[in-house]
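Colleague: sequence first, predicted model second:
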Amino acid sequence: MRDINMLPEEIYRQKDSQKKKAFLLVRVLIFIGILAVIYGAVYSLDMQTKNRINRVEDQINELADIRARKEVMDRKVAELAHRENVLSTMDSGKTNFFDLLASVEESLPPTVVFNRQEASGGLMRISGFAGSRAEVANLAAKLNQLEGVENVWINSVRVDEDFSFEITFVYEGGGQQ
Amino acid sequence: MSLNKREKMLITLLLVVGIGVLYINYLIFPLYDQLMANRETLSQRQAVLDELQQLSVGNNLANEEARVDELVSQMDEQIPNDTMLPLLYLDTLNIVQESGSALESMEFSIPSREEDPGYEGLYLNSIPFSITLLGDYGSLDRFVGLVYENTRKIDVTSITYERSEDSLRANVNLNAYAFLREGESYTSFTDYQFIEDRPFGRNNPFTTGGQAQQADTEDEGEEE
């Protein structure tokens, strides 16, 4: 026996078209489904993270007393750090007068005697008398060799009995005032 | 107009790419950024929690507080959070006494703010003061040396030595320091130990009080 296709051609076309539409719809749904799953996965991760944050916050709130004490301590530590920083930098560029006077002492020739010694604002002014004219030069020359000392200047020398003189020089770190 | 198969595929692809871009840009990226921000927050809060839990164990927090207080106390000895002028005055008197020189006069100026960016309104202030001493060169030199060795930070800013008849007269300008809060009094209430058990209060400030005399006599006795 032989089957004979008696249905019209249009019916077959309609069926084919419906099949294609259904297939397209399935593909669109799969595409939307994939997008929804990806979004859902990220959203779920975010919600889990939020829940964990809430749990951690609850635990932190349970330790409120410890937290308050720690905050006070942290403020003290930050303030202390600032004070330590200031303390560690405040000496830079300043003159240590004990060392400065000691270095001047080491430059004294035997017969030079000071009447007045003034160190202020980076300038030392020395007035005194010497046993000879040459000693004034000796003192000036020696002062000139000191570290951090410059512009050593013999302002005046009076050639009388005791050779009174005045010398000035600039010392390092005098800008502190 | 009918489209061939290739054109339909291209249009479909365009639609898929377009929807994908919009989806990623307006849904996934913001959500991902939010997730990352929340994870960062979680990590920070977890670190806080871990630290708090660590501190809550045993005496950890008390020990840490004691350690910080000790450091603050050490700093207060060098540069206090108040001018502590009475202590500065006593410190200077001790230095003078130890140096062997004789004190002629002492003058204190009011504090002035130093160059300091500050921390929450707390700034370094200098307290300029000058002192006039009499003595030999050795004692004056010792005074300057002791100033630099003093626990409370004091700097020498200028020195003038002048020969008088039988000794040297020195005028030394110094700077002590204090951290002070801007706009607040530079002398806050301080429970000074050296005034404990001292007699205070008389009804006539223009005569010498018997109690004060007695206290001075006791002081002299103690010094001897």
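Modeller: That came through fine. Numbers count the residues shown, from 1 in each chain, chains lettered A, B, ... in the order given.

Colleague: all strands of chain B, in order?
Modeller: B:102-108, B:112-113, B:122-135, B:154-163, B:168-181 (DSSP state E).

Colleague: and the ones you listed, which one's lowest on average pLDDT?
Modeller: Mean pLDDT is lowest for strand B:112-113 among the strands of chain B, at a mean of 89.

Colleague: surely residue B:190 meets residue B:84?
Modeller: Yes - between residue B:190 and residue B:84 there is a contact under C-beta atoms under 8 Å: 6.7 Å. To be clear about C-beta, it is placed using only N, CA and C from the backbone, and glycine gets the same treatment.

Colleague: of the two, which one has the most company?
Modeller: Shown here are residue B:190 and residue B:84; by other C-beta atoms under 10 Å in any protein chain shown, residue B:84 has more neighbours (22 against 14).

Colleague: so for residue B:209, what's the pLDDT?
Modeller: Value listed for residue B:209 in the pLDDT field: 67.

Colleague: and residue A:175, by the same measure?
Modeller: 47.

Colleague: next: residue B:67.
Modeller: 95.

Colleague: pLDDT below threshold where in the chain?
Modeller: I'll assume chain A. A:1-3, A:173-177 (pLDDT under 70).

Colleague: hmm, no, I was thinking of chain B.
Modeller: Residues of chain B meeting the criterion pLDDT under 70: B:1, B:209-224.

Colleague: please enumerate the helices of it.
Modeller: B:5-23, B:29-56, B:60-78, B:85-99, B:137-149, B:210-223 (DSSP state H).

Colleague: deepest of those, which one?
Modeller: Mean neighbour count, computed with mean count of other C-beta atoms under 10 Å in any protein chain shown, is highest for helix B:137-149 among the helices of chain B, reaching a mean of 18.

Colleague: and the contacts of stretch A:48-66?
Modeller: The contact list for stretch A:48-66 (C-beta atoms under 8 Å, 6 or more residues apart in numbering or on different chains) reads A:67, B:35, B:38-39, B:41-42, B:45-46, B:48-49, B:52-53, B:55-56, B:61.

Colleague: let's go with 10 Å and repeat that
Modeller: A:67, A:69-70, B:34-56, B:60-61 (C-beta atoms under 10 Å, 6 or more residues apart in numbering or on different chains).

Colleague: still on that earlier bit, out of the strands of chain B, which is closest to chain A?
Modeller: Closest of the strands of chain B to chain A is strand B:154-163, at 3.5 Å (criterion: C-beta to the nearest C-beta).

Colleague: return the set of buried residues in that closest one.
Modeller: With burial defined by 16 or more other C-beta atoms under 10 Å in any protein chain shown, the residues of strand B:154-163 counted as buried are B:154-161, B:163.

Colleague: any idea how many residues pack against residue 130?
Modeller: No chain in the question, so chain A it is. Residue A:130 has 21 nearby residues by other C-beta under 10 Å.

Colleague: looking at chain B here, not the other one
Modeller: With other C-beta under 10 Å as criterion, residue B:130 counts 16.

Colleague: ok, what's across the strand from the residue nearest the centre of chain B?
Modeller: Central residue check for chain B by C-alpha atoms, centre = their mean: the C-alpha nearest the mean position is that of residue B:179, 4.7 Å away. Beta-bridge partners recorded for residue B:179 (DSSP bridges): residue B:124.

Colleague: shouldn't it be in contact with residue B:126?
Modeller: No - shown here, residue B:179 and residue B:126 do not form a contact pair, counting by C-beta atoms under 10 Å, at 11.1 Å.

Colleague: which residues do the two both contact?
Modeller: With C-beta under 10 Å, 6+ apart as the test, residue B:179 and residue B:126 both reach residue B:114.

Colleague: quickly run through the sheet partners of the longest strand seen in chain A, with directions.
Modeller: Using DSSP E, we find that the single longest strand of chain A is strand A:149-158. Paired neighbours of strand A:149-158 in the sheet (DSSP bridges): strand A:164-171 (antiparallel).
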